[in-house]
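> the sequence isn't on hand, but the structure is:
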């Protein structure tokens, strides 16, 4: 079955529009009639089909043309107006990811405060863990996925860094060049390098994940052509200098943490992103009195996966934190983790990966 779709635009005089659309916008004339006094012309190009019709009732509208050479497309002009009044915007086909300057703030987001859950992509429920998004520098979401098959499509994200950390349950996902189905269980995590194609298949057992994205506003695109799994497996492939990571909790080894009185397991994300970010799981070891520390990291985010603790911040009222709570500590601010329960586990995500921690005397 042959099906075509057209966008109709109005014109007062077709002969004035044709040179603009064919020469300036480099579109192809496919149809024109009647021959003696043309009133309708159909043009195509750049994945678009236009029907320019004399006396049509629609508004002229706006066309966006995306190209890998916007400065060379229409003699460097980024905005034009066609004779029929249609606005033309020329823009980048693949603009670089813009990293906004971080607006540092001390943030505490507690589950008990009843932050709303909203329905997002593919029917998933999202809870915003950093409402300010630190000025657009990052987004942190607590995500619940309904049990069963997920109505997802092969897609990718134009992002600088993205983490998926499983808090409970499990979820099956396919990734480009990473073999067959991968199951993410509680305590495991994925690093999704920029633009890696993937597809969520199935979720079960009350699946909940934490998703971190940098920057906060980034584009998700559907890839209608790629089929997953791909035939070739390339575990060492890099996307923008980052490798895919599937870190398993059961393989983690706990070592002394940057905060005295705690130990942590490394997810290898610092190594595999070449220092873009670090992801650690920390727990108390019950040795000595809690100490004040400060760091020089741009973004330091924590999520309480289990247990409880008292978070003390320089010049702030202390916060009793429980499972499901999150907090961000800005650089140079002294904090202290006190009265941790024996089952406390903290997910710590930092950007960049390497940074310094100072014990405050």
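Structure received. All values reported here derive from a predicted model rather than from experimental measurement. Numbers count the residues shown, from 1 in each chain.
> switch to C-alpha atoms for all contacts and neighbour counts from now on
Fine.
> in the stretch 151-300 of the chain, which spans are helices?
When secondary structure is read from DSSP state H, counting those that start in this stretch, the stretch 151-300 of the chain shows helices at 269-272.
> can you list the weak-confidence ranges in it?
Applying pLDDT under 70 to the stretch 151-300 of the chain flags the ranges 287.
> residue 351 touches residue 280, doesn't it?
No. Between residue 351 and residue 280 there is no contact, the gap being 11.9 Å when judged by C-alpha atoms under 8 Å.
> can you list the low-confidence ranges for the stretch 1-150 of the chain?
In the stretch 1-150 of the chain, residues with pLDDT under 70: 121-123.
> helices of that one, residue ranges please.
For the stretch 1-150 of the chain, the helices defined by DSSP H, counting those that start in this stretch cover 14-19, 70-73.
> in terms of secondary structure, what does the longest one contact?
This points to helix 14-19. Packing partners of helix 14-19 (3 or more C-alpha pairs under 8 Å, 6 or more residues apart in numbering; DSSP states H and E): strand 48-54.
> ditto for the shortest one
The criterion is 3+ C-alpha pairs under 8 Å, 6+ apart, and the helices and strands that helix 70-73 contacts are strand 87-92.
> helices and strands around the strand it packs on, which ones?
Under the contact definition 3+ C-alpha pairs under 8 Å, 6+ apart, strand 87-92 sits against strand 62-67, helix 70-73, strand 79-81.
> now do it and strand 62-67, the angle between them.
Put simply, strand 87-92 runs at 20 degrees to strand 62-67, going by axes from the mean of the first three to the mean of the last three C-alpha atoms, to 10 degrees.
> so what strands line up beside strand 87-92?
Within its sheet, strand 87-92 is paired with strand 62-67 (parallel), strand 79-81 (antiparallel), according to DSSP bridges.
> distance to residue 14 and mean neighbour count added to those, as a markdown table?
Below are those laid out as a markdown table (distance: least, C-alpha to C-alpha, whole Å; neighbours: other C-alpha atoms under 10 Å):
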| stretch | distance to residue 14 | mean neighbour count |
| --- | --- | --- |
| strand 62-67 | 18 | 15 |
| strand 79-81 | 15 | 14 |
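> burial count for residue 21?
Look at residue 21: counted by other C-alpha atoms under 10 Å, it has 19 neighbours.
> ditto for residue 329
Applying other C-alpha under 10 Å, we find 22 other residues in the vicinity of residue 329.
> ditto for residue 105
A count of nearby residues for residue 105, using other C-alpha under 10 Å, gives 17.
> same thing with residue 360?
For residue 360, the neighbour count with other C-alpha under 10 Å is 11.
> from memory it sits against residue 295, does it?
No. Residue 360 lies out of contact with residue 295 (C-alpha under 8 Å); the separation is 10.2 Å.
> shared neighbours, the two?
Here residue 360 and residue 295 share the contacting residues residue 334, scored by C-alpha atoms under 8 Å, 6 or more residues apart in numbering.
> can you give me the strands in the stretch 51-200 of the chain?
Along the stretch 51-200 of the chain, counting by DSSP state E, counting those that start in this stretch, strands occupy 62-67, 79-81, 87-92, 107-109, 118-119, 125-128, 139-144, 148-149, 155-158, 161-175, 182-185, 189-191, 198-214.
> run through who's touching the first one.
The reference is to strand 62-67. Residues contacting strand 62-67 (C-alpha under 8 Å, 6+ apart): 46, 73, 86-94.
> between strand 48-54 and it, find me the angle.
When the same axes, to 10 degrees is applied, the directions of strand 62-67 and strand 48-54 differ by 150 degrees.
> from the chain's centroid, how far away is strand 62-67?
Relative to the centre of its chain, strand 62-67 is centred 24 Å away, using C-alpha atoms, centre = their mean, to the nearest Å.
> please apply the same query to the second one.
Distance of strand 79-81 from the chain centroid (C-alpha atoms, centre = their mean) equals 32 Å.
> domains of the protein?
7-92, 107-246, 251-360 (automatic domain parsing).
> out of these, flag the one nearest residue 98.
Residue 98 lies closest to domain 107-246 among the domains of the chain, at 7.4 Å (C-alpha to C-alpha).
> quote the end-to-end distance of that closest one.
For domain 107-246, the first-to-last residue distance is 29 Å (C-alpha to C-alpha, to the nearest Å).
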